[in-house]
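In: coords please:
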Amino acid sequence: MPHLIVEHSANVEHVPRILEAVHAAALATGLAPIDALRTRAASRQTYVIGDRHRDNAFIALIARLGPGRSADEKQLLLDALMDAVEAAVGEAAGHMMLSVEIQEIDPSMRLNHNHLRAHIGARIPTI
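Out: Residues are numbered from 1 along each chain as shown. Predicted coordinates:
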């Protein structure tokens, strides 16, 4: 874990660039193991934003994390993710509502079978 879910209005451009930026930012914090990080987008085709101007857009990034990270670690991740989103959208941010939220996952209410971990571990060179 974590799961990074970038929900956005359909008029947001360069979504792959945004996904790459937030994925890299999460990894750079050291809080997201490479063999567990999942980053994805959810485009919303129907939405109403602010004064309904056609250029208005939103990006709402939700980071779902397992328990055990300190408040300082969560703040580090929040800041890194917001910085990454703002850098990725650049000047277009002037017409956007941007948010980043951390949601902690209750491990007693989750099942997870990560079959990818062994494959990624085999591809990472050891020093």
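
In: run a quick neighbour tally on Asp83.
Out: Neighbours of Asp83 under the rule other Cβ atoms under 10 Å: 14. No exception for glycine: its C-beta is placed from N, CA and C like everyone else's.

In: OK, contacts around Val100?
Out: 61-63, 78, 81-82, 85 (Cβ atoms under 8 Å, 6 or more residues apart in numbering).

In: what about the helices in this protein?
Out: For the chain, the helices defined by DSSP state H occupy 15-28, 71-89, 117-123.

In: could you dump those helices to a markdown table with distance to Ile105 and mean pLDDT?
Out: As requested, those are arranged in a markdown table below (distance: least, Cβ to Cβ, whole Å; pLDDT from 0 to 100):
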| stretch | distance to Ile105 | mean pLDDT |
| --- | --- | --- |
| helix 15-28 | 15 | 97 |
| helix 71-89 | 13 | 97 |
| helix 117-123 | 17 | 69 |
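
In: number of nearby residues for the residue lying closest to His23 once chain neighbours are set aside?
Out: Setting aside the residues directly before and after it, His23 is nearest to Thr39 in space (Cβ to Cβ, 6 or more residues apart in numbering), at 4.2 Å. By other Cβ under 10 Å, 22 other residues sit near Thr39.

In: if anything else comes up later, I'll come back, but that's it for now.
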